[in-house]
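*Asks:* Give me a 3D structure for the following:
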Amino acid sequence: MFKHLGLILSLTFLVAACAPTQVVPKAKQAGVYFQEGENFYEEGLYQDAIASWEKVRDSYFSPELNILAELKIAEAHYMAEQYIEAAVAYEEFLKNHPEHARVADVLYQLGLSYVNQMLDADQDQSATIYALNAFRTLDVRFPKDRRNEKTKIYIDRCLNQLASNELYVGEYYLKMGHYAASISRIQGLMRKYPNFYNRDRAYYYLGQAYLLNGEKAKAIDTFNTLFNEVPGSEFILSAQKFIERNY
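*Replies:* Numbers count the residues shown, from 1 in each chain. Now for the predicted structure:
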């Protein structure tokens, strides 16, 4: 019995001697991860920065540090040109902190995130609408924001992009011979977007649609409006030739 006991004790000491002496390090503090993210960000290592800041955000170390981490994550996505992810992060921030002191900054960056996703006038305009909503919200809620002038420029750009999309559809209807639909679409865009940059183009195609639809008086009025309002338009000569061929 004592022999067996001695063997057991020997094995116990042997196992203890072979056991690793390294102590598992404690998890890093949130502040360390945050600074780590800052360092990665400064080096342009945005994905590494995001990973560090996500650890801060998920640690719930403090509300203030968590909020700052959320902002940093969104900013890093934007700098990495990951505009979809940036928009999602900014939207989430606004949802979670609607009255935060940085809301104006977030709205502006959210608008830019969507602007960078905008497609050509003949494609889907969802990003344009989202950008417009962000900048309009910023303009209404913070009319004295330091970026107010830039905000209005972006609003104008979005409106003109949406108008261009409407005109594209109107032109398509015209080419397909759906003249009444073309008229309705172009008239609608001119009412909705009175400051449309390319109004001369809209007048030109609207005049064509009226004339081909048999509404000669309205066609002439539309072409005259083009001649009078935009006398230097590139469409004037084409409009005159169109009238000669089709009137």
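*Asks:* Now do the contacts for Leu212.
*Replies:* Contact analysis of Leu212 by CB atoms under 8 Å, 6 or more residues apart in numbering lists 174, 177, 179, 246. Every residue, glycine included, has its C-beta placed from N, CA and C.
*Asks:* now Gln29, nearest residue through space, not along the chain?
*Replies:* Phe61 (7.4 Å; CB to CB, 6 or more residues apart in numbering).
*Asks:* I'd guessed that neighbour sits against Val32; true?
*Replies:* No: using CB atoms under 8 Å as the test, Phe61 is too far from Val32 to be in contact (10.4 Å).
*Asks:* if you count what's nearby, which of these two comes out ahead?
*Replies:* More neighbours surround Phe61 than the other of Phe61 and Val32, with 17 against 13 (other CB atoms under 10 Å).
*Asks:* Now that one. Its backbone dihedrals?
*Replies:* phi -60, psi -50 (degrees, to the nearest 10).
*Asks:* Could you find the closest non-adjacent residue to the residue most central in space within the chain?
*Replies:* Nearest residue to the geometric centre of the chain (CA atoms, centre = their mean): Tyr114, 0.8 Å. Among residues not flanking Tyr114 along the chain, Ala131 sits closest, at 3.6 Å (CB to CB, 6+ apart).
*Asks:* Among the contacts of Leu212, name the ones in strands.
*Replies:* Per DSSP state E, strands hold no members of the contacts of Leu212.
*Asks:* Is it possible to get these out as TSV so that each row also shows pLDDT?
*Replies:* Formatted as TSV, these follow (pLDDT from 0 to 100):
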residue	pLDDT
Leu174	98
Gly177	98
Tyr179	98
Asn246	93
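*Asks:* Now the two most distant members of those residues.
*Replies:* Spatial extent of these (CB to CB) is set by the pair Gly177 and Asn246 at 13.7 Å.
*Asks:* Show me where the chain has its helices.
*Replies:* 2-18, 30-42, 46-59, 63-79, 83-96, 103-115, 126-141, 148-175, 179-192, 199-212, 216-229, 236-246 (DSSP state H).
*Asks:* and the longest one, how far out from the chain's middle?
*Replies:* Spelled out, that is helix 148-175. 16 Å (CA atoms, centre = their mean, to the nearest Å).
*Asks:* list the helices and strands that helix packs on?
*Replies:* Helices and strands touching helix 148-175, by 3 or more CB pairs under 8 Å, 6 or more residues apart in numbering; DSSP states H and E, are helix 103-115, helix 126-141, helix 179-192, helix 199-212.
*Asks:* related to what we said a few turns ago, the residue nearest to Tyr114 touches Val115, doesn't it?
*Replies:* Yes: using CB under 8 Å, Ala131 is in contact with Val115, at 4.8 Å.
*Asks:* ok, those two, which is more surrounded?
*Replies:* Between Ala131 and Val115, counting by other CB under 10 Å, Ala131 is the more crowded of the two (26 against 20).
*Asks:* got a list of what the more buried one touches?
*Replies:* By CB under 8 Å, 6+ apart, the contact set of Ala131 is 111-112, 114-115, 117-118, 154, 158.
*Asks:* And it, how close does it get to Ala87?
*Replies:* 9 Å (CB to CB, to the nearest Å).
*Asks:* overlap in contacts of these two?
*Replies:* Counting by CB under 8 Å, 6+ apart, the common neighbours of Ala131 and Ala87 are 114, 117.
*Asks:* how close does the residue nearest to Tyr114 sit to Tyr83?
*Replies:* Distance from Ala131 to Tyr83, by CB to CB: 11 Å.
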